[in-house]
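>>> next comes the sequence, and after it the predicted model I'd like to discuss.
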Amino acid sequence: MTIVWCAEFLGDYKFLYPSSRGTSAYNIISRLLDWKINIAVADPHSGCHRSFITPSGKAVGRVYATYQNRDLSDVVSRLKPDKVVTDELPIATALLTTPNCPEIILIARDHELPKMEAEGFTVVAVSMAMQYALNDRGIQSTYIPLGVDFELFKKIQRQKKGFIFGCACRNKGEKNFYRLMEAYRQVNENFKDAAALAIHTDDGVWDVRRIAKQLGIQNNVFFGNWPADQEAMNRVYNTFDVNINVGGKEWSALSVLESMACGIPQIVGDYGVLREYAEGCGVLVPVKTERIPPGGEVHVSDPDEISRAMEKLWMNEAERLKAGEAALKKVKAYSWEKTAKQWYNLLLS
């Protein structure tokens, strides 16, 4: 059996964006290769065709550069796979028209849900929230959650200076940075520099430094570049006293799971996968749904609600400790080993 997996797959290179889609694919595919599943990776961001060795050293895989997916059909025609895995609906739809089309396994994503049809694909949901949404549209799916590498993500003892609210996420339009920073401004005004805000992100939609200056909190907000690898991400999480994810649209939220593995209490939006992961591990912030063009939805929280959640955990050490212990316990249900085994069973079915 041959599988073509369409993914941002950086192999032995450092991840530009750890805790993202490429990280998920890497953790699953590497294990499947070790278990003798023949997988070829179609990477639209690779500059050349190349080989890679799995972290265990047990297997060698092949990455095909598909140059923004323009050459994907050639790879599929040449390899004649039994199945193709992708998390992009346009790719899956285009492959349906290819001669001798293989079985297509589509990993469902929130923003593509309104366009999805019930036929043509084997569908995978990475959260129960997504599976329920698919069921509402009459689409059957297999639930395979994401995971955590507990060798990499764990609680470490580090000397801390002061209290830190932390946020680590990609800099996209829906990520709610302005609302987060406005909420922190309110906390800072009430408690006079008692806690800092650390934001680890990339250069993207939001000019976070300009927002901090505009709100007058530039001396209390610290910005870190997106770390180069997962070990660095673990060190970042361990500097946080509370992890915050009030982004408007999350379909995977790996940073929440990974910070939970470090025993960090959570403040997250009360919806979907965020509720699924973090309920009982901190504070769920109420959200309202807003429409964004061209027809998508985001779940936004009022800065007043976010600031109340921040104050609640900052003022109550016992509740923070309880939430951190709950996070450590709950996250044990998620591991890449379990995830890869479920993918193994699906691919061989």
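Looks like it came in fine.
>>> so who does residue 236 touch?
Residue 236 is in contact with 166, 168, 200, 224, 227, counting by CB atoms under 8 Å, 6 or more residues apart in numbering. Where you see a C-beta, it was placed from the backbone N, CA and C, and this is true even at glycine.
>>> check residue 66 too.
6, 42, 43, 44, 46, 72, 75 are the contacts of residue 66 under CB under 8 Å, 6+ apart.
>>> repeat for residue 150
So residue 150 contacts 261, 335 (CB under 8 Å, 6+ apart).
>>> what about residue 197, how many residues close to it?
The tally of other residues near residue 197 (other CB atoms under 10 Å) stands at 23.
>>> just to be sure, it is in a strand?
Yes - counting by DSSP: H, G, I helix; E, B strand; the rest coil, residue 197 is part of a strand.
>>> by pLDDT, rank the contacts of residue 236 and give me the bottom one.
By pLDDT, residue 227 ranks lowest within the contacts of residue 236, coming in at 76.
>>> just how off-centre is stretch 297-316 within its chain?
21 Å (CA atoms, centre = their mean, to the nearest Å).
>>> same question, stretch 65-82
Offset of stretch 65-82 from its chain centre (CA atoms, centre = their mean): 26 Å.
>>> straight-line length of that stretch, end to end?
In stretch 65-82, first residue to last residue: 20 Å (CA to CA, to the nearest Å).
>>> again, but for stretch 234-246
20 Å.
>>> could I get the average pLDDT for it?
Stretch 234-246 comes out with an average pLDDT of 96.
>>> check stretch 177-185 too.
96.
>>> any buried residues in it, and which?
Of the residues in stretch 177-185, 177, 179, 180, 181, 182, 183, 184, 185 count as buried by neighbour count, 16 or more other CB atoms under 10 Å.
>>> and which of those residues is nearest residue 212?
Proximity of those to residue 212 (CB to CB) peaks at residue 181, which lies at 6.2 Å.
>>> sticking with the closest one, tell me its helix or strand.
According to DSSP states H and E, residue 181 maps onto helix 177-191.
>>> one more: residue 347?
Using DSSP H and E, residue 347 falls in helix 336-348.
>>> list the contacts of that helix.
Applying CB under 8 Å, 6+ apart, the contact partners of helix 336-348 are 1, 3, 27-28, 31-32, 35, 37, 83, 105, 122, 124, 142, 144-149.
>>> that helix - what's its average pLDDT?
If you average the pLDDT over helix 336-348, you get 97.
>>> and it, how far from the chain's centre?
Centroid separation for helix 336-348 versus its chain: 19 Å, with CA atoms, centre = their mean.
>>> can I get that helix as PDB, trimmed to CA atoms?
What follows is helix 336-348 as a C-alpha-only set of coordinates in PDB (Å, rounded to 0.1, in the frame of the first residue of the first chain):
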ATOM      1  CA  TRP A 336       1.000  11.300  19.100                       C
ATOM      2  CA  GLU A 337       1.500   7.500  19.700                       C
ATOM      3  CA  LYS A 338      -2.300   7.100  20.100                       C
ATOM      4  CA  THR A 339      -3.000   9.400  17.200                       C
ATOM      5  CA  ALA A 340      -0.600   7.500  14.900                       C
ATOM      6  CA  LYS A 341      -2.200   4.200  15.900                       C
ATOM      7  CA  GLN A 342      -5.600   5.400  14.900                       C
ATOM      8  CA  TRP A 343      -4.300   6.700  11.600                       C
ATOM      9  CA  TYR A 344      -2.600   3.300  11.100                       C
ATOM     10  CA  ASN A 345      -5.900   1.500  11.600                       C
ATOM     11  CA  LEU A 346      -7.800   3.900   9.200                       C
ATOM     12  CA  LEU A 347      -5.200   3.700   6.400                       C
ATOM     13  CA  LEU A 348      -5.200  -0.100   6.600                       C
END
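>>> if you count neighbours, what's buried in that helix?
336, 339, 340, 342, 343, 344, 347.
>>> next: stretch 152-162.
Result for stretch 152-162 [16+ other CB under 10 Å]: buried residues 152, 153, 154.
>>> from those, which is closest to residue 133?
Looking at these and their distance to residue 133, the nearest is residue 153, at 27.7 Å (CB to CB).
>>> contact partners of stretch 133-144?
Residues outside stretch 133-144 that contact it (CB under 8 Å, 6+ apart) are 108, 110, 113, 116-118, 122-128, 130-131, 339, 342-343, 346.
>>> give the buried residues for it.
In stretch 133-144, counting by 16+ other CB under 10 Å, buried: 133, 134, 139, 141, 144.
>>> residues in contact with residue 234?
152, 153, 154, 156, 258, 262.
>>> I'd say residue 246 and residue 267 touch.
Yes - assessed by CB atoms under 8 Å, residue 246 is found in contact with residue 267 at 7.0 Å.
>>> if I look at these two, which residues touch both of them?
With CB under 8 Å, 6+ apart, residue 246 and residue 267 have common neighbours 285, 306.
>>> what's the spacing between the closest residue to residue 258 other than its chain neighbours and residue 334?
Leaving aside its chain neighbours, residue 258 sits nearest to residue 153 (4.6 Å; criterion: CB to CB, 6 or more residues apart in numbering). Distance, residue 153 to residue 334, by CB to CB, to the nearest Å: 11 Å.
>>> for residue 44, same thing?
Going from residue 44 to residue 334 by CB to CB gives 27 Å.
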